[in-house]
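> next comes the sequence, and after it the predicted model I'd like to discuss.
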Amino acid sequence: MNTRSQLLCAWSGFVFTVVFTIGFWLVANFVPPPSPNASAADIAAIYQQNTWQIRLGMFLMMGCSGLISPFIAAISLQMKRMEGSPSILTYTQLSSGSIGVVFLILPSLIWTAAAFRPERSADLILLLNDLGWIVLLMPFTSFVVQNFAIGFAILSDKSVAPVFPRWVGFFTLWVAILFVPGGLLTFFKKGPFAWDGLFAFWIPLVIFLTWYLVMFVFLRKGIIEQARAA
Amino acid sequence: MAASTDAPPGARTHLPGEPGVWVFILGDMLMFAAFFVVFVYYRRQDVPLFVHSQSTLNQHFGAINTLLMLTSSWFVALAIHSARAHVAKLCSRFFVLAFLCGLGFVVIKFFEYREKIHAGIMLTTNDFYMYYYMFTGLHLMHVLIGMGVLTYLTSIARGGDFQAKNLNVLESGASFWHMVDILWIVLFALLYLMK
């Protein structure tokens, strides 16, 4: 087993977390998000005044999202150790995780389109802005399936020295549930369940980044243990 | 972990289930605690609206569901008691009864939502109903997950193996169900009763 490539794949998840935070948060300044209740003119003004920041931020967000794939592959390899054969949860994680990547790349492209011609009619900017936020925050479905697959694999690990500690499995399941309220943002323009609210944005964002870091730490540990045991 | 299950039931130091499951339970309770704080905060901004909307809720449905939740928790406690006494038949029966209470809860919720929707009251009607539907809906999701857990526990109980390891799994699942119960009690007080 090539420990070095596995570690590289695990690190790519860490790099994703950092670059995503920089691009989405610090450069594009999308945190806090614009209110879904804001007028077309207000939204258009954001894209007109921050055109360059949004273009660059979205470039970074898009550019780092591909790094999720090797990270997911590294998770899959460790899951295979937990599961043994046949490794159905591993395949579930691999496929649902890969779909999840799409919902990070797509919004960055949609917002890029909005910032591409910021002079166009405010209503169209509003539409693209809506679309980007909805595509990013609403699709919990494959994230939830991915997390359930990982959580169940960790908990079904019966070996004497489990690959991941069991609490990480329960934590992963908990994270899955926290993504669900975001799916209901379609009903709200303000309040805690709107896309700029506590339950649709702040908690999922913080939890998403925290989960990546927790996964990274234990993935790295698991890979090193595996190399030591071999 | 095995040592903790060997402690006599009722011992003060005994943590039911495995430690890891408490990450999930406490985490989930934290999320609902955030729900409750947000609810109370927004309620204070518009007390008359919340009080008026609250008066349209069907207290009977709420009360019956509270009774069902409490009863199911009691059955789960009896099941764990039977498991500790190694009585497989009773244990699995109590889990089935708890599951049926959960099912009753879901059915009542269905009729309660139907009554509201027929009266034209939706998620977007006002802030109170937004919280009502979102909180009870997310709680309902927990009830459904809990029913899945109870099914799993029933199958373990039917196996009749009550070694420390399995007992630990039973306790973990039971703790989850008790959490679902507690969350409902708080929701009931907050949404249906708070004056």
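Perfect, I can see it now. Numbers count the residues shown, from 1 in each chain, chains lettered A, B, ... in the order given.

> where along chain A do the helices fall?
Here chain A has its helices, by DSSP state H, at A:3-20, A:40-49, A:51-65, A:68-83, A:88-116, A:122-137, A:141-155, A:166-179, A:203-229.

> could you do chain B as well?
Using DSSP H, the helices of chain B run over residues B:2-6, B:19-45, B:47-54, B:59-84, B:88-118, B:127-159, B:164-188.

> tell me the mean pLDDT for the shortest one?
What that stands for is helix B:2-6. The average pLDDT within helix B:2-6 is 44.

> likewise the longest one?
The pLDDT scores in helix B:127-159 average 95.

> near chain B, which residues of chain A?
By the rule CB under 8 Å from any CB of the partner chain, the part of chain A lying against chain B is A:165-167, A:169-171, A:173-174, A:177-178, A:180-181, A:184, A:187-188, A:191-193, A:198-199, A:203. Placement of C-beta: from N, CA and C, glycine included.

> of the residues you listed, select the buried ones using a ChimeraX command.
Filtering the residues of chain A next to chain B down to the buried ones (16 or more other CB atoms under 10 Å in any protein chain shown) takes a single ChimeraX command:
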select /A:165,166,167,169,170,171,173,174,177,178,180,181,184,188,191,192,193,198,199,203
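
> so, low pLDDT: which residues of chain B?
B:1-12 (pLDDT under 70).

> got it, and chain A?
Counting by pLDDT under 70, chain A has low-confidence residues at A:1.

> of all residues in it, which one is nearest the centre?
residue A:208 (6.0 Å; CA atoms, centre = their mean).

> still on that earlier bit, ok, which of the helices of chain B comes nearest chain A?
helix B:19-45 (3.9 Å; CB to the nearest CB).

> how far away is the residue nearest to the centre of chain A from chain B?
Distance from residue A:208 to chain B, counting by CB to the nearest CB, to the nearest Å: 15 Å.

> and that residue, how far is that from residue A:100?
10 Å (CB to CB, to the nearest Å).

> cool, residue B:124 as well?
Residue B:124 sits 29 Å away from residue A:100, going by CB to CB.

> get me the contact residues on chain B for chain A.
B:18-21, B:23-24, B:27-28, B:31, B:34-35, B:38, B:42, B:123-124, B:127, B:130, B:134, B:138, B:141.

> now the buried members of those.
B:18, B:20-21, B:23-24, B:27-28, B:31, B:35, B:38, B:42, B:123, B:127, B:130, B:134, B:138.

> farthest pair in those?
Farthest pair in these (CB to CB) is B:18 and B:127. Separation: 39.7 Å.

> quick one: residue A:69 and residue A:100 touch, right?
No: Residue A:69 is beyond contact range of residue A:100, at 10.2 Å (criterion: CB atoms under 8 Å).

> more neighbours: which of those two?
Under the neighbour definition other CB atoms under 10 Å in any protein chain shown, residue A:69 and residue A:100 were set side by side, and residue A:100 has more, 21 against 17.

> just list the residues touching the more buried one, thanks.
By CB atoms under 8 Å, 6 or more residues apart in numbering or on different chains, the residues touching residue A:100 are A:68, A:142, A:143, A:146.

> save those as CSV, and put in neighbour count and distance to residue A:5 too.
Listed next are these as CSV, based on neighbours: other CB atoms under 10 Å in any protein chain shown; distance: CB to CB, whole Å:
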residue, neighbour count, distance to residue A:5
A:68, 21, 16
A:142, 18, 25
A:143, 23, 26
A:146, 24, 22
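
> what's the closest of those residues to chain B?
For these, the nearest to chain B is residue A:143 (15.5 Å; CB to the nearest CB).

> the closest one and residue A:179 touch, don't they?
Yes: counting by CB under 8 Å, residue A:143 touches residue A:179, with 5.2 Å between them.

> please name the residues that touch the residue lying closest to residue B:27 once chain neighbours are set aside.
Spatial nearest neighbour of residue B:27, excluding adjacent residues (CB to CB, 6 or more residues apart in numbering or on different chains): residue A:174 at 4.3 Å. By CB under 8 Å, 6+ apart, the contact list for residue A:174 reads B:23, B:24, B:27, B:28.

> against residue A:148, how distant is residue A:174?
Per CB to CB, residue A:174 is found 11 Å from residue A:148.

> likewise for residue A:197?
Taking CB to CB, one finds residue A:197 at 25 Å from residue A:148.

> these two: which has the busier surroundings?
Shown here are residue A:197 and residue A:148; by other CB under 10 Å, residue A:197 has more neighbours (22 against 18).

> which phi and psi values does the more buried one adopt?
With angles defined as degrees, to the nearest 10, residue A:197 sits at phi -90, psi 170.

> nearest spatial neighbour of it, chain-adjacent residues omitted?
Among residues not flanking residue A:197 along the chain, residue A:191 sits closest, at 5.7 Å (CB to CB, 6+ apart).

> now for that neighbour: which residues touch it?
So residue A:191 contacts A:197, B:42, B:127, B:130 (CB under 8 Å, 6+ apart).

> widest-spaced pair of the residues you listed?
For these, the farthest-apart pair by CB to CB is A:197 and B:127; their separation is 12.3 Å.

> okay, now residue 65: neighbour count?
Assuming you mean chain A. By other CB under 10 Å, the residues close to residue A:65 number 22.

> wrong one, I was asking about chain B
If we define neighbours as other CB under 10 Å, then residue B:65 has 24 of them.

> can I assume it is in contact with residue B:184?
Yes: between residue B:65 and residue B:184 there is a contact under CB under 8 Å: 6.9 Å.
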